[in-house]
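# for reference, the sequence and a predicted model appear below.
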Amino acid sequence: MNLLNRLSMLVFLLALGAAAPTRASDMDKEKRWSDQIVDALLVGKAEWLEAGGQKFLGIYTEDQTGEPKGSAIVLHGIGVHPDWPDVVYPLRSELPNHGWATLSIQMPILPNEATLKEYIPLIKEAAPRIQAAQAFLKSKGTGPIVLIAHSLGASMATATLAEAGDPKNDSGYAGLIVIGMSSSALDPQLDTTAQIAKLKLPIFDLYGSRDLDEVLAATAPRAAAMRKAGHTHYRQMAVEGADHFFVGVEEELVRWVQGWLTQLPEPGAASESEMAKEPAKADTTAPTPPSQPTDTKPKP
């Protein structure tokens, strides 16, 4: 190959790399978040987990009742952190008062100006973090483990479980709670309508009646997909008056999540015939809280 051809090939490879960049979590931003969180942490204990050769922050809060029921991995939405004041903090700090230890983890993040499309490569990066969190809780021997995920974190959780395959609910999770989850045609991993229909574990699909447009648009197709899939332990519910961040209705959020957790069957206790008694359904019966301010926080 002569010099001209070599130069042409080099230019082509550089252009190819520029056209299809790979993204990874912004570790500088993660460090800034973690420094702020650890210094100000009042509830729970900072734990450093590892996935893909990178350490990331988790916040572990033990059961406060003395009668543990299980534990929950809590996943935040786009661009924020495991102590975020909306949705994440109320759940991670209050569920331990109801018998559920929590581990809220830092999900992969990008700079503030990043788009949803730019987050697509990070979905696979999220999977090892979720698995590391599950391994941590198993080491604690805290009983059944559930996944609770908000916004983009919910999409990441659903994609992770669907990719792993769960034909007989062999994921190791007792249940999945998705909060404010949208669906997108940008990438199959973000097509939560298709991804969630692959799962068999018990699922609570929760959103606000004043949620983001893209969240509200996805709820009916998702419920229909679950019915078509014959999912027998799925519940979808809108909390009247709640926005995407459940601002002002944090107690309602915790109450509905905790209430659903109390109804979970013991692992292995519910056979397919028993679960078939409760078909997939949508439920919008929730108390009506006061009207809430307009959403101004990061979108999923």
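Yep, that arrived. Residues are numbered from 1 along each chain as shown.

# quick one: low-confidence ranges for the stretch 201-300 of the chain?
Residue ranges of the stretch 201-300 of the chain with pLDDT under 70: 266-300.

# that one: strands as residue ranges?
Counting by DSSP state E, counting those that start in this stretch, the stretch 201-300 of the chain has these strands, from start to end: 203-208, 234-239, 281-283.

# burial check on residue 185, number of neighbours?
8 (other C-beta atoms under 10 Å). In this view, the C-beta of every residue, glycine as well, is placed from N, C-alpha and C.

# and the strands of the stretch 201-300 of the chain, which is most packed in?
Ranked by mean neighbour count under mean count of other C-beta atoms under 10 Å, the strands of the stretch 201-300 of the chain are led by strand 203-208, which reaches a mean of 25.

# what are the pairing partners of that strand, and which direction each?
strand 175-179 (parallel), strand 234-239 (parallel) (DSSP bridges).

# sorry, back to before: want to throw the strands of the stretch 201-300 of the chain into JSON lines with distance to residue 176?
As requested, the strands of the stretch 201-300 of the chain are arranged in JSON lines below (distance: least, C-beta to C-beta, whole Å):
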{"stretch": "strand 203-208", "distance to residue 176": "5"}
{"stretch": "strand 234-239", "distance to residue 176": "10"}
{"stretch": "strand 281-283", "distance to residue 176": "16"}
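
# ok, which of those strands comes nearest residue 71?
Comparing the strands of the stretch 201-300 of the chain by their distance to residue 71 (C-beta to C-beta), the top pick is strand 203-208, with 16.4 Å.

# make TSV out of the strands paired with strand 203-208 and add distance to residue 95.
As requested, the strands paired with strand 203-208 are arranged in TSV below (distance: least, C-beta to C-beta, whole Å):
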stretch	distance to residue 95
strand 175-179	11
strand 234-239	17
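
# relative to residue 207, which of those strands is closest?
Among the strands paired with strand 203-208, strand 234-239 comes nearest to residue 207, with 5.7 Å by C-beta to C-beta.

# tabulate the CA atom coordinates of the closest one in CSV.
Extracted C-alpha coordinates of strand 234-239, given in CSV (Å, rounded to 0.1, in the frame of the first residue of the first chain):
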residue,chain,number,x,y,z
TYR,A,234,-48.7,-6.6,36.5
ARG,A,235,-50.3,-3.5,37.9
GLN,A,236,-50.4,0.0,36.3
MET,A,237,-51.5,3.0,38.3
ALA,A,238,-51.7,6.8,37.9
VAL,A,239,-51.4,8.9,41.0
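
# show me where this protein has helices.
3-19, 27-40, 88-94, 116-119, 122-140, 152-164, 192-196, 213-228, 250-262, 272-275 (DSSP state H).
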